[in-house]
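In: give me coordinates for this.
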Amino acid sequence: MVRLKDIAQIAGVSIMTVSKVLRDAPDISAATKVRVKLLADQMGYVPNSMAQGLRTRSSKTLGLIISAMTNPLYARMVMAIQESAFASGYQVLLEFSMNLPEQEETAIRRFLARRVDGILISPVYDLASQSTTYSELKKRDIPVVILGHTTDYCSGFVNIETDDIQASYELTQHLIELGHRQIAFFTGPKASPWSEERFEGYSRALREARIGVNDSLIFTAGSTIAEGRKAALQFLQEAPKATALQAANDLIAIGVAEEILKAGHRIPNDFSLTGFGNILTSEFYRVPLTTVRQPKHRLGTQAMEVMKTLLKGEKASSMRLPAELQIRESTAPPPGNVTDLS
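Out: Next up, the predicted model:
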């Protein structure tokens, strides 16, 4: 390992001079800085970040917690966070919660033990009103940015989210404009604020069109393809007279589509179908999916901009970003005659 002493010996300067050069101190001449930095690079010198952290009280690391990389919504967001952090001289440490509160808590405590400068968290949503872990984060006054919607126990932190109400409203409005009046809705997890907002957008569009929300057309799905398939089987068994199906996310929509097609129905000839999120699969599914494009890269970029503001000790505001309707082949006007599935 190359030490400051080794660089100083070859450069013919003191160890203090080398240290000042590498810290870009103003009292060292430009010529000396160029010569010493070039020599350090040639010798393969790697700064001791731990020692620097002790001096500056900054680890130059950030913690990032998401559910799992298998969730397609996170890929571009994580990429944007990493790009922005790297450009600002920060290392990003990644942990996965697997949607388990206890695993999220462990990840947070690991980051605190490593003295990260800030933490970005995609929360594990549950129905609890308080969380000792989030309360501790607040007490320590460590910069925290919530990736997504907040809930009771993390509402005191700044967050970056998509305007899910408006986006879902536009999806339902699109179906109504096509002529659909019986629109089934496949909800996400009960504890999830994004699921609540998407259902609210759906309900608002129906109310404005003077179409009542029909409880028999509401199905609890969850968030995965498997849960979408299960909800679709319930839909087919109960046989409501729906002509359009709106899912709370793209994975649910794909699961629903699989069972609908397996049962011999056609999309969009028999049922129009929409998702939410615009994951890559939605565009290249066998029936390209009408959905909402969430600004995933921008969500990550803005989250880092907010984090950098907090790291400076300045106040930052939460942000709510618009999403964009993506109309594809899975939606069309309803069939001429609505046929009972039974």
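
In: quick one: buried residues of whichever strand or helix holds residue 307?
Out: Assigned by DSSP states H and E, residue 307 belongs to helix 296-311. Buried residues in helix 296-311, counted by 16 or more other CB atoms under 10 Å: 296-304, 306-311. All C-beta atoms are positioned from the backbone trio N, CA, C, and that covers glycine.

In: next one: stretch 156-171
Out: Per 16+ other CB under 10 Å, stretch 156-171 contains these buried residues: 157-171.

In: for stretch 174-185, same thing?
Out: Within stretch 174-185, the residues that count as buried by 16+ other CB under 10 Å are 174-176, 178, 180-185.

In: could those residues be laid out in CSV, adding secondary structure and distance to residue 148?
Out: Formatted as CSV, the buried residues of stretch 174-185 follow (DSSP: H, G, I helix; E, B strand; the rest coil; distance: CB to CB, whole Å):
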residue, secondary structure, distance to residue 148
174, helix, 24
175, helix, 25
176, helix, 28
178, coil, 30
180, coil, 29
181, coil, 32
182, coil, 31
183, strand, 26
184, strand, 25
185, strand, 21
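
In: turn the residues you listed into JSON lines, columns for pLDDT and distance to residue 81.
Out: What follows is those, written out as JSON lines (pLDDT from 0 to 100; distance: CB to CB, whole Å):
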{"residue": "174", "pLDDT": "98", "distance to residue 81": "32"}
{"residue": "175", "pLDDT": "98", "distance to residue 81": "34"}
{"residue": "176", "pLDDT": "98", "distance to residue 81": "37"}
{"residue": "178", "pLDDT": "98", "distance to residue 81": "38"}
{"residue": "180", "pLDDT": "97", "distance to residue 81": "38"}
{"residue": "181", "pLDDT": "96", "distance to residue 81": "43"}
{"residue": "182", "pLDDT": "97", "distance to residue 81": "42"}
{"residue": "183", "pLDDT": "98", "distance to residue 81": "36"}
{"residue": "184", "pLDDT": "98", "distance to residue 81": "36"}
{"residue": "185", "pLDDT": "98", "distance to residue 81": "32"}
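
In: ok, so what distance separates the residue lying closest to residue 176 once chain neighbours are set aside from residue 287?
Out: Excluding the flanking residues, the one nearest residue 176 by CB to CB, 6 or more residues apart in numbering is residue 209, at 5.0 Å. Using CB to CB, to the nearest Å, residue 209 is found at 25 Å from residue 287.

In: next one: residue 262
Out: Using CB to CB, residue 262 is found at 13 Å from residue 287.

In: name the residue in those two with the higher neighbour count.
Out: residue 287 (17 against 12; other CB atoms under 10 Å).

In: which ones are touching that one?
Out: Residue 287 is in contact with 257, 261, 267-268, 273, 329-330, counting by CB atoms under 8 Å, 6 or more residues apart in numbering.

In: out of these, list just those in strands.
Out: Using DSSP state E, residue 273 are the members of those that sit in strands.

In: among the contacts of residue 287, name the buried ones.
Out: Buried among the contacts of residue 287 by 16+ other CB under 10 Å: 257, 261, 267-268, 273, 330.

In: now the strands for this structure?
Out: Assigned strands in the chain, in chain order: 61-66, 91-96, 118-121, 144-147, 158-162, 183-187, 218-220, 244-247, 272-274, 291-293, 319-321, 324-326 (criterion: DSSP E).

In: name the residues that touch stretch 124-138?
Out: Counting by CB under 8 Å, 6+ apart, 67, 97, 99-101, 103-105, 108-109, 112, 119, 144, 151-154, 156-157, 189-193 sit against stretch 124-138.

In: residue ranges with poor pLDDT in this protein?
Out: Where the chain drops to pLDDT under 70, the residues are 46-57, 337-342.

In: that older thread, in helices, which of the contacts of stretch 124-138 fall?
Out: Those of those mapping onto helices are 101, 103-105, 108-109, 112, 193, per DSSP state H.

In: how many residues are close by the nearest residue in space to residue 19 that is not next to it in sequence?
Out: On the basis of CB to CB, 6+ apart, the spatially nearest residue to residue 19 that is not a chain neighbour turns out to be residue 4, at 5.9 Å. By other CB under 10 Å, the residues close to residue 4 number 19.

In: residue contacts, residue 4?
Out: Going by CB under 8 Å, 6+ apart, residue 4 touches 15, 18-19, 22.

In: what's the domain layout of the chain?
Out: Following automatic domain parsing, the chain resolves into domains at 4-47, 58-162+295-322, 164-293.

In: single out the most deeply packed of the ones you listed.
Out: Most buried of the domains of the chain, by mean neighbour count (mean count of other CB atoms under 10 Å): domain 164-293, with a mean of 20.
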